[in-house]
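> Provided below for reference: sequence and predicted model.
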Amino acid sequence: MALNTRGIQPLAWGTTVTTGYVTETQGEDDSTEELIIDDEAGDVATHITGFGLKTDVNLDVIPKSTITTPPVAGDIFSYGPTGSVKKCVIITISKKRVKKDVEKWSIKGVRHPNITLT
C-alpha cells in the first residue's frame, strides 16, 4: 500500500540508510561557542559567536550480520545514503543487548566544519 499524507506535508520521513546498518535514529546538533564581555557596570558590551563551530552526531543503529568488527571510540564513522555520506569521529559507542531483541549500538560523534575526515 502506498503512503498517503493528508494535511501539512512533513519535511522528511524516517531516517537515512547507512551501509551495513539499520538506522533507527539519527540526530545532528550544530553549535558554536560564545564569548560575552561585560562592561564595568556588569552590562553586556560585546557578544561574540561563530567560532568553535561543531556538529554533535547521535545515531542509534542495528548492525547487520555482515558487520564483524564494531567501531571503537576514535574511529571515523560514515553514515547516510550513498551520494551524500557524512562522517564523524566516534566519541562514545554503547552496545546494548536485550532479551528478545536485537543488538543495538548508540554512537555519539562530532564533526567540525574545517576538518576533513578521511
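Good, I have the coordinates.

> tell me how many other residues crowd residue 79.
For residue 79, the neighbour count with other Cβ atoms under 10 Å is 23. Just so you know, the C-beta spots here come from the backbone N, C-alpha and C atoms, and that holds for glycine as well.

> contacts only, for it.
16, 18, 21, 23, 26, 57, 59, 85, 86, 87, 88 (Cβ atoms under 8 Å, 6 or more residues apart in numbering).

> quick one: the longest strand seen in the chain to chain centroid distance?
The residue-count maximum for a strand in the chain (DSSP state E) belongs to strand 44-63. Put simply, strand 44-63 sits 11 Å off its chain's centre (Cα atoms, centre = their mean, to the nearest Å).

> and the next element down the chain from it?
strand 76-79 (DSSP states H and E).

> given that next one, what are its sheet partners and their directions?
Taking DSSP bridges as the criterion, strand 76-79 forms sheet pairs with strand 86-96 (antiparallel).

> quick one: the partner strand to strand 44-63, angle?
Strand 86-96 and strand 44-63 are oriented at 60 degrees to each other (axes from the mean of the first three to the mean of the last three Cα atoms, to 10 degrees).

> which helix or which strand is home to residue 34?
strand 21-38.

> got the contact list for that strand?
By Cβ under 8 Å, 6+ apart, the residues outside strand 21-38 that reach it are 15-17, 44-64, 67, 79, 104.

> out of the residues you listed, which are buried?
15, 54, 57, 59, 60, 61, 63, 79, 104 (16 or more other Cβ atoms under 10 Å).

> where does confidence bottom out across the contacts of residue 79?
Within the set of the contacts of residue 79, pLDDT is lowest for residue 16 (81).
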